[in-house]
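**Student:** I need the structure of the sequence given here:
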Amino acid sequence: MSELTPTAPTKLSWAATLRVYLEPASLRMLALGFSAGLPLLLVLGTLSFRLREAGIDRTTIGYLSWVGLAYGFKWCWAPLVDRLPIPLLTRALGRRRSWLLLSQALIMAGLVGMALVDPKLTLGPVVWFALLVAFGSATQDIALDAFRIESADMQRQAALAATYQTGYRLAMIWAGAGVLWIAARAEVANVAAYQHAAWQTAYLVMAACMLVGVLTVLLSREPIHREIPPARNAAEWLRSALVEPFAEFIARYRWQAALILSLIAVYRISDIVMGIMANPFYVDMKYTKDEVAAVTKVYGVIMTLAGAFIGGAMAMRWGVMRVLMLGAILSAASNLLFAWLGTRGHDVTALIAVISADNLSSGIASAAFIAYLSSLTNIQYSATQYALFSSMMVLAPKWIAGFSGSFVDAFGYQSFFVSTALLGLPVLVLVYLAGRVTVVKQASPSNVNAPE
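**Tutor:** Numbers count the residues shown, from 1 in each chain. Alright, predicted model coming up:
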């Protein structure tokens, strides 16, 4: 077998680059990105704000962030999403769309349950419904990542990643700022205590907003995919569904697979670990719901969108690996600004400055990273392989993040934010080494394009 050295990306004019964002596949990703982004904050960031307001201690909130580990283990059932048809539904809609629709139904059911249960009275059912939302959301991600990868060629993956991120971040505005705004408006005036009815209204509205994704799935076409020959027995099915996707990746990259998987496992560690304590930090710094909604959930997400488009455009013109390195540097450095913010007290102007830098950095890093992960997949195993990559991306960071509340209680917010920045230093070395990786040529057709 011969090795292929990384190839340079085809240079596009700026006009041609921008037109990619208006193609049908990109517009579908905008709406489906909204569907993917909506549940995340409702079981992590916004939920932590709600629980802190309800009087739940920071250590417990930190441990409850382990609900997000569902995203880290989604590779376990990704082969089922990749191969297993859903009775009646798959025949009518196709493999990708049927799994998208089922997962969206699970998310809506879980959000309704979270709306109806008061965490101040009983925390257990809230956790179980949050797990249902996380499981449905992770399953939607599996099917949606495969849908995206199969919807366009590799040169357009960065653009699809950018429009996906746009929809995703718009949903985060709504699931962050929108839910706080709705809860604030639904509160009874002059009552300082936690008001469950206000949060109930907000979460029910969020459940209804998942209809955006449902309608998009119903109006979309199933992407063209490789026909899978039926397995002759259970052993053959398990081998093709579970073993071959991972064996193909290792055969393609050999010993360098360990380097790539190490980079994937820690690339977003600074952002993910820091993010769990961000909302408790805002509550403890006495920022109001409206301030947090306006600055961090609306303005901040707009800055993330700007970063995503900048990152996507730069990746198409200059290559993914260069932008991946830039994103890693900016993501780690921006966490230091939160340590500085902790010295300012209740300072909205300082909050705006910090959120601007942090979210712009996050958008650039996210667009490049999604394009990088997409470049690693083989179209024959797109759902399973991408699920493995995106699961590894969050598994270690979310596990570490579970201890963030205990760390803050012991050492304070400033030490915590500085520590999360230091976590990003090994990432720089791994990005440099990953940029030198070569890929082994395969006999089977694939959707593989070695990162530039």
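
**Student:** can we go C-alpha only for contacts and neighbour counts from here?
**Tutor:** Fine.

**Student:** show me where the chain dips below the pLDDT cut-off.
**Tutor:** 1-23, 152-158, 190-192, 225-234, 237-238, 241-242, 379, 382-383, 437-452 (pLDDT under 70).

**Student:** the longest helix along it: what's the following helix or strand?
**Tutor:** Scanning the chain for the longest helix, with DSSP state H as the assignment, gives helix 348-375. Using DSSP states H and E, the helix or strand that follows helix 348-375 in sequence is helix 382-401.

**Student:** neighbouring contacts of that following helix?
**Tutor:** Helix 382-401 has contacts (CA atoms under 8 Å, 6 or more residues apart in numbering) with 62, 65-66, 68-69, 71-75, 78-79, 81-82, 141-143, 145-146, 149-150, 245-246, 249, 261, 264-270, 272-274, 276, 373-374, 377-378.

**Student:** for residue 118, what are phi and psi?
**Tutor:** Main-chain torsions, residue 118, degrees, to the nearest 10: phi -90, psi 110.

**Student:** just give me the neighbour total for the closest residue to it other than its chain neighbours.
**Tutor:** Closest residue in space to residue 118, ignoring its immediate chain neighbours: residue 196 at 6.0 Å, by CA to CA, 6 or more residues apart in numbering. Neighbours of residue 196 under the rule other CA atoms under 10 Å: 21.

**Student:** in a helix, residue 134, correct?
**Tutor:** Yes: judged by DSSP: H, G, I helix; E, B strand; the rest coil, residue 134 forms part of a helix.

**Student:** residues contacting it?
**Tutor:** By CA under 8 Å, 6+ apart, residue 134 lies in contact with 39-40, 43, 67-68, 70-71, 107.

**Student:** between the two ends of stretch 171-188, how far is it?
**Tutor:** 27 Å (CA to CA, to the nearest Å).

**Student:** quick one: buried residues of it?
**Tutor:** 171-184, 186-187 (16 or more other CA atoms under 10 Å).

**Student:** which residues are contacting stretch 184-194?
**Tutor:** 53-54, 195, 197-199, 201, 289-290.

**Student:** just the buried residues out of the contacts of helix 382-401, in PyMOL syntax.
**Tutor:** To isolate the buried ones among the contacts of helix 382-401 in PyMOL, judged by 16+ other CA under 10 Å, type:
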select buried, resi 62+65+66+68+69+71+72+73+74+75+78+79+81+82+141+142+143+145+146+149+150+245+249+261+264+265+266+267+268+269+270+272+273+274+276+373+374+377+378
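
**Student:** just the buried ones from the contacts of stretch 184-194, in PyMOL syntax?
**Tutor:** Buried members of the contacts of stretch 184-194, defined by 16+ other CA under 10 Å, are picked up in PyMOL with:
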select buried, resi 53+54+195+197+198+199+201+289+290
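
**Student:** as TSV, the contacts of stretch 184-194 with secondary structure would be great.
**Tutor:** Below are the contacts of stretch 184-194 laid out as TSV (three-state DSSP):
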residue	secondary structure
53	helix
54	coil
195	coil
197	helix
198	helix
199	helix
201	helix
289	helix
290	helix
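
**Student:** and the contacts of stretch 184-194, which is closest to residue 135?
**Tutor:** For these, the closest approach to residue 135 (CA to CA) belongs to residue 199, at 21.9 Å.

**Student:** skipping adjacent residues, who's closest to that closest one in space?
**Tutor:** Using CA to CA, 6+ apart, the closest residue to residue 199 is residue 183 (5.2 Å).

**Student:** same thing with residue 95?
**Tutor:** Using CA to CA, 6+ apart, the closest residue to residue 95 is residue 85 (6.2 Å).

**Student:** surely that neighbour is in a helix?
**Tutor:** No: counting by three-state DSSP, residue 85 is located in no helix; its state is coil.

**Student:** ok, it to residue 99 distance?
**Tutor:** Going from residue 85 to residue 99 by CA to CA gives 8 Å.

**Student:** try residue 195
**Tutor:** 36 Å.

**Student:** mind listing what residue 344 touches?
**Tutor:** Taking CA under 8 Å, 6+ apart, we find residue 344 in contact with residue 350.

**Student:** am I right that it falls within a strand?
**Tutor:** No: counting by three-state DSSP, residue 344 is not found in a strand; it is coil.

**Student:** what are the phi and psi values at it?
**Tutor:** Here residue 344 shows phi and psi, under degrees, to the nearest 10, equal to phi -90, psi -10.

**Student:** relative to residue 359, how far out is it?
**Tutor:** 20 Å.

**Student:** hmm, back to that, put together TSV for the contacts of stretch 184-194, with distance to residue 318 on each row.
**Tutor:** Below are those laid out as TSV (distance: CA to CA, whole Å):
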residue	distance to residue 318
53	45
54	48
195	51
197	51
198	48
199	45
201	46
289	40
290	40
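
**Student:** one step back: just give me the closest of the contacts of residue 134 to residue 434.
**Tutor:** residue 71 (24.0 Å).
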